[in-house]
Structure formats: structure tokens, C-alpha cells
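**Student:** Sequence below, structure please.
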Amino acid sequence: MSVITDYFIIFWGLFMIVFMAIGGFFMFRKFLKQLPKKDGRSMMDWERYHIEETKHMWDDEQKALLEELVSPVPELFRDVARQTIAGKVGQVALEKNATKITREILLEGYIIGTPKKDHRFLRKKLAQLNIDVAPYEHLFALSKKDYRENWKEKHQQAQKDA
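**Tutor:** Residues are numbered from 1 along each chain as shown. Below is the predicted model:
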């Protein structure tokens with residue numbers, strides 16, 4: 001075989017290994033979200049539950065705002081982001097005993113459901129929409145990791161401090 005063919009085979013092998021590793025990483029993350037927690041439900045079960053319980057609370061204006069806020073997310077991941085954010089918004093609405101999803105509840109749930117590494121993009125998008133982030137600054141101070149454990153208590157404490 002020629003040297004070019006040898007390099008092509010090596011390059012193709014490395015290319016396949018890298019892309020299989022990336023795909024496996026995302027599949028593994030989805031698998032972890034499906035594992036049941038202490039209460040017997042997985043994170044995805046809770047997301048679906050919150051979405052189903054609050055489905056009737058969404059009006060067209062809030063749905064449009066959610067679509068606008070998730071628009072910077074790459075299209076490949078947009079459905080997952082939309083479900084995660086809608087689940088977190090639903091959770092916030094249920095905890096506040098709201099009868100309707102308001103803009104404030106939507107923004108609060110969106111900030112809570114967004115990983116800290118994406119807050120810069122979220123702030124940029126909110127600035128483009130002329131939405132003041134000052135009332136939500138205490139939510140930006142917490143990362144999504146902080147919400148995994150005792151997020152309700154930390155959120156309530158942050159609201160008391162603000």
C-alpha cells in the first residue's frame with residue numbers, strides 16, 4: 001500500500017473513534033437522566049410530570065418567549081433544552097401555586113434550568129429582548145449544580161436575601 005493510503009486509514013480510524021466517543025458521551029448522559037433517584041422517579045420522569053401538570057397554564061405569549069429564549073441553542077439540542085427548561089418552569093410554577101405561567105415564572109425557571117456555563121449566552125439573549133436581569137441576579141449567582149441537591153432551600157434562601 002502507499003503511504004497516502006496508510007495515512008488515510010489511520011486518519012479514518014481516529015475520526016471514527018472520536019465521533020463514537022462523542023456520541024457515546026451524549027447517550028451516557030441521557031442514560032444517567034433516566035436512572036431512578038431516591039424517590040423512585042428519574043429526572044426525566046419529573047420533567048414530564050411538571051410539563052403535564054402545567055400544560056394548561058401556558059399561553060401563546062409565554063410559549064413564544066420560550067421559543068425565543070431557546071433559539072440560540074443549536075437545533076440538534078433544542079428539543080432537549082426546551083423540555084428541560086419547560087420542566088423547570090413547570091416546577092417553579094407548581095411550587096408557587098401559580099394558576100398561569102407568567103413572564104417572571106418563565107424567566108426564573110429558565111435561569112434555574114440553564115447551566116452556569118450558558119449564563120453568558122442567556123444574559124446576551126435577555127439583553128437583545130430588552131429584559132432587565134436585575135431582579136433575577138440572585139438566580140444567576142447559583143449554578144445548576146447547586147440546584148441538583150437542596151436547590152429548593154437554596155432558592156428560597158436566595159429569595160429571602162434579595
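**Student:** Just give me the neighbour total for residue 137.
**Tutor:** Residue 137 is flanked by 12 other residues according to other C-beta atoms under 10 Å. In this view, the C-beta of every residue, glycine as well, is placed from N, C-alpha and C.
**Student:** Buried residues, the helix or strand hosting it. List them.
**Tutor:** Assigned by DSSP states H and E, residue 137 belongs to helix 137-140. Residues of helix 137-140 classed as buried by neighbour count (16 or more other C-beta atoms under 10 Å): 138, 139.
**Student:** That helix packs against which elements?
**Tutor:** helix 103-113, helix 151-161 (3 or more C-beta pairs under 8 Å, 6 or more residues apart in numbering; DSSP states H and E).
**Student:** Lowest average pLDDT across those helices?
**Tutor:** Per-segment mean pLDDT for the helices and strands packed on helix 137-140 reaches its minimum on helix 151-161, at a mean of 64.
**Student:** what mean pLDDT would you report for the helix holding residue 137?
**Tutor:** 81.
**Student:** what do you get for stretch 26-37?
**Tutor:** Mean predicted confidence for stretch 26-37 is 76.
**Student:** Surely residue 43 touches residue 30?
**Tutor:** No - Residue 43 lies out of contact with residue 30 (C-beta atoms under 8 Å); the separation is 10.3 Å.
**Student:** the more surrounded of the two?
**Tutor:** Between residue 43 and residue 30, residue 43 has the larger neighbour count (other C-beta under 10 Å), namely 16 against 11.
**Student:** Just to check, residue 112 is in contact with residue 90?
**Tutor:** No - with contact defined as C-beta under 8 Å, residue 112 does not count as touching residue 90 (11.6 Å).
**Student:** neighbour-wise, which of these two wins?
**Tutor:** Neighbours per residue (other C-beta under 10 Å) separate residue 112 from residue 90, with residue 90 holding more: 26 against 21.
**Student:** Low-confidence regions, this protein specifically.
**Tutor:** Low-confidence segments of the chain (pLDDT under 70): 1, 142-162.
**Student:** again, only this time at 50
**Tutor:** Across the chain, the ranges flagged by pLDDT under 50 are 146-147.
**Student:** hmm, back to that, dump the helix holding residue 137 to CSV, keeping only the CA atoms.
**Tutor:** Taking C-alpha atoms only, helix 137-140 is exported to CSV below (Å, rounded to 0.1, in the frame of the first residue of the first chain):
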residue,chain,number,x,y,z
GLU,A,137,-29.4,38.4,39.7
HIS,A,138,-29.6,36.2,42.7
LEU,A,139,-30.6,33.2,40.5
PHE,A,140,-27.5,33.8,38.3
